[in-house]
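In: Mind looking at a prediction? Sequence and model below.
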Amino acid sequence: ALPSEWAEANRMITTDVSPFPGKFSFDRTPYLREPLDCLSPNHPAHTIVVMKGAQIGFSTSVIENGIGYIISENPGNTLFLTGHSDLLEETIGNSIDKVIDSFGLRSLIKPKKTGNKYFKDFF
């Protein structure tokens, strides 16, 4: 299945993520289906560049669904960057953990390092 199809079949959105809780759907953001589908291992794109406005649903529809898809369907190393190391706890501790739980993927997460949950000692 394409990443967008997988996201619609597997993701439940809660009110702490979006004002539109329930099963995830591209009905509100159909223009974000194609950028997410570029994450398919069968897609010919190697580099994806997006120029967008603010608050259009990109984080939820593309980034978060993409992370869930990669964890579940195409496991591999994923680099997730933040603007500053001070944002690690907020970003990883809140957003990414909620994404993992919204897909029910917690059992697939295998940490490589024990101890500091947010790896602050690398910065």
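Out: Now that the structure is in, tell me what you want to look at. Residues are numbered from 1 along each chain as shown.

In: what's around I71, how many residues?
Out: Counted with other CB atoms under 10 Å, residues neighbouring I71 total 18. The C-beta positions use only the backbone N, C-alpha and C, and glycine is treated the same way.

In: Run a quick check on it versus I109, I expect a contact.
Out: Yes. Between I71 and I109 there is a contact under CB atoms under 8 Å: 7.2 Å.

In: shared neighbours of these two, which are they?
Out: I100 (CB atoms under 8 Å, 6 or more residues apart in numbering).

In: And the strands in this protein?
Out: For the chain, the strands defined by DSSP state E occupy 12-13, 22-23.

In: Out of these, which one sits most buried?
Out: When those are scored by mean count of other CB atoms under 10 Å, the highest mean neighbour count falls to strand 12-13 (a mean of 16).

In: Give me the sheet partners of it and which way each runs.
Out: Within its sheet, strand 12-13 is paired with strand 22-23 (antiparallel), according to DSSP bridges.

In: now the strand it pairs with: how far from the chain's centre is it?
Out: 16 Å (CA atoms, centre = their mean, to the nearest Å).

In: Touching it from outside, list them.
Out: 8, 11-13.

In: Select from the strands of the chain the stretch with the lowest mean pLDDT.
Out: Lowest mean pLDDT within those: strand 12-13, at a mean of 89.

In: Name the nearest of the contacts of strand 22-23 relative to C38.
Out: E8 (16.5 Å; CB to CB).

In: wait, what's in contact with that closest one?
Out: 23-26.

In: Could you dump the contacts of strand 22-23 into CSV and include distance to Y31?
Out: Formatted as CSV, the contacts of strand 22-23 follow (distance: CB to CB, whole Å):
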residue, distance to Y31
E8, 15
R11, 18
M12, 22
I13, 18
